[in-house]
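[1] no sequence on hand, only this structure:
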């Protein structure tokens, strides 16, 4: 029987770490992820787990030590947020290219500046090209479930890639919600003992990690990394299927909510998906309009074909980004989902909304407006532009207008 | 395996499928196989008469090409010495001189 | 949707409004509810106005936004009435509960014309009487349970006693005082 509890997102991740009892956790505190190493340090101090906690002087060192521990043969992880992950930048690439099965508990927070401690996805979206698997959560339950699935994905022989388990800062990390915990022995069995094939502390095998590889080798190495990402798609689904067997909770690349007959769809990542679901229930109950949601769970590897298929029948879609990429056009999710839809010849009208930057709240009524806009777009075939905003104060009636010299 | 060199298995003709995961190398001290001595354009010459065995030259050699046995330096390892001349510069006794060419 | 009760807490950093919201989530959870308890983070400074929220429901809650149209508002520090429109968006069929020694009528005059029910609880006096110290958050917690009826009194007190026993395992002498504070506040808020 699952254990009925109420925990914050940070407590849930720390609890999963306790159940996994990893070998090494180097960490440096940063809001809003600080509680995770705090709780873990408590578990260690109380003798509940025997993880080696390494106090480091920065996040750069935290990821370096995690890489070192993982290369040595330990099951290693760390936690961070925002600027902390920015300081890990070069190590993120090294962890991925060295093919180390590290797990990072990321509590998403806006990158400075201006200085802001609240949720948005600019930290992890900025790291989307580092070669890490990225898995996002809507709720505390999901971040816990994702965390338990992380090591089995990372450590699979056909993958060997680091995994980032993301949740929205404060919204889920500090919000207490009901949660169903898996029993300790079941988690232990699910995650299993880590038995690396090659590791530096193996006296029986000589080994060097992370050598210099100039242009004669670099491109082939990157192709190998890409193969691991491709393989990860299958493994993510296999691990999810095993997890479903254990808990009854189903996971895939994304969740489709009321999409069977949906004409208007929102594509979104993270905690706001739950708010969107409430809007969908309300709209369907009061007007019967066919509105639905695709909540992306796995952003790396990007489920391109699967998403295009899921969106193939909608009349209009709003792809919603919780981070800027300053392309002066779409955000990262907008650009990638649009590309997937274009390649699959989807005919839906599409708009890309920016919302929730730096913790700006998004409400049920905001999503009602989004669905109203989608209905209008589908009828008139007029889209406001490549992108627009939800929840922005503006002195102009239309936020996105083509520059004057571009009008044709 | 014993006599096989790493570049017999992985070299500039290897397809990506043959490159080890993360470029991991399952051998130690593979730099020995690289005869960087071939790059040399000037060569250090050791004068045993002037040498006091102070060993100042050994630690400054970037290519570990001044072997030491039982507390005494021996002849240069010309397979790996690149001829940088730091040893000649650091020797207080003029026991190392640089000659042009290999 | 309205089987969900939404509560907004106003307090000042350091007064325990966030802790009270988390405690309410805790105790409601123990009586079998689906709960949310979450703070809105602004400047993390002692004395700065802070807001915390609760959603309590008999079915799962997916909404992750702040609460703009609460059913109940709890004001832990009455000096906030001067600077914050605490009843903004408050359901007129709901209620506002203010920690104050003043009368309902006096408080109502500061509520920007709010038409719903107003309750005052003198949490400071209750706390000092029961505990000898000013810890206003537990009396306010009892008051909001009494007014909102999100759970029945006996279940509430039973669960609170269990959690005090756990929390104060090393100083059981304070448990009775804490329980008395809850009882007094419960009675005063009726």
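    Cool, got the structure. Bear in mind the structure is a predicted one, so any value in this text is a computation, not a measurement.

[2] residue contacts, the closest residue to chain C within the stretch 301-408 of chain A?
    The nearest approach of the stretch 301-408 of chain A to chain C comes at residue A:363, 4.4 Å away (CB to the nearest CB). (C-beta placed from N, C-alpha, C; glycine too.) Contacts for residue A:363 were tallied using CB atoms under 8 Å, 6 or more residues apart in numbering or on different chains; they are A:275, C:65-66, C:68.

[3] residues of stretch A:83-90 that come out buried?
    A:83-88 (16 or more other CB atoms under 10 Å in any protein chain shown).

[4] give me the secondary structure label for the most centrally placed residue in chain C.
    Note on chain C: the residue nearest the mean C-alpha position is residue C:141, at 3.9 Å, using CA atoms, centre = their mean. Judged by DSSP: H, G, I helix; E, B strand; the rest coil, the three-state class of residue C:141 is helix.

[5] dump the residue contacts of it.
    C:20, C:23-24, C:27, C:182, C:185.

[6] again with residue C:136
    Counted by CB under 8 Å, 6+ apart, residue C:136 has contacts C:15-16, C:76-77, C:99, C:123-124, C:127.

[7] repeat for residue C:20
    By CB under 8 Å, 6+ apart, the residues touching residue C:20 are C:9, C:11, C:52, C:74, C:76, C:137-138, C:140-141.

[8] which of those lies closest to chain A?
    residue C:52 (10.3 Å).

[9] what residue, apart from its backbone neighbours, is nearest that closest one spatially?
    residue C:21 (3.8 Å; CB to CB, 6 or more residues apart in numbering or on different chains).

[10] just to revisit the earlier point, for the residue of the stretch 301-408 of chain A closest to chain C, give me the pLDDT.
    pLDDT recorded at residue A:363 is 97.

[11] again with the one 5 residues further on
    Looking at residue A:368, its pLDDT is 97.

[12] give me the pLDDT value at the closest residue to it other than its chain neighbours.
    Nearest residue to residue A:368, sequence neighbours excluded (CB to CB, 6+ apart): residue A:279, at 5.4 Å. Among the per-residue scores, residue A:279 holds a pLDDT of 98.

[13] secondary structure element for residue A:279?
    helix A:272-286 (DSSP states H and E).

[14] same question for that helix: list its buried residues.
    Neighbour-count burial for helix A:272-286 [16+ other CB under 10 Å]: A:272-283.

[15] burial of the residue of the stretch 51-200 of chain A at minimum distance from chain C, as a residue count?
    Residue of the stretch 51-200 of chain A nearest chain C, by CB to the nearest CB: residue A:175 (3.5 Å). Residues within reach of residue A:175, counting by other CB atoms under 10 Å in any protein chain shown, total 24.

[16] my guess is it contacts residue C:64, does it?
    Yes - when contacts are counted by CB atoms under 8 Å, residue A:175 is listed as touching residue C:64 (7.5 Å).

[17] in chain B, which spans are helices?
    Counting by DSSP state H, one finds helices in chain B at the ranges B:6-9, B:57-60, B:86-90.

[18] chain A is nearest to which of the ones you listed?
    helix B:6-9 (10.0 Å).

[19] how about the host helix or strand of residue A:227 and chain B, touching?
    If you go by DSSP H and E, residue A:227 is part of helix A:215-247. Yes - Helix A:215-247 is in contact with chain B by CB under 8 Å from any CB of the partner chain, via A:216-217, A:219-221, A:223-224, A:227-228.

[20] JSON lines please, covering those residues and showing pLDDT, distance to residue A:45 and neighbour count.
    Shown next, in JSON lines, are those (pLDDT from 0 to 100; distance: CB to CB, whole Å; neighbours: other CB atoms under 10 Å in any protein chain shown):
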{"residue": "A:216", "pLDDT": "92", "distance to residue A:45": "50", "neighbour count": "11"}
{"residue": "A:217", "pLDDT": "93", "distance to residue A:45": "45", "neighbour count": "18"}
{"residue": "A:219", "pLDDT": "96", "distance to residue A:45": "48", "neighbour count": "12"}
{"residue": "A:220", "pLDDT": "95", "distance to residue A:45": "47", "neighbour count": "18"}
{"residue": "A:221", "pLDDT": "95", "distance to residue A:45": "41", "neighbour count": "18"}
{"residue": "A:223", "pLDDT": "97", "distance to residue A:45": "45", "neighbour count": "13"}
{"residue": "A:224", "pLDDT": "97", "distance to residue A:45": "41", "neighbour count": "19"}
{"residue": "A:227", "pLDDT": "98", "distance to residue A:45": "42", "neighbour count": "15"}
{"residue": "A:228", "pLDDT": "98", "distance to residue A:45": "37", "neighbour count": "21"}
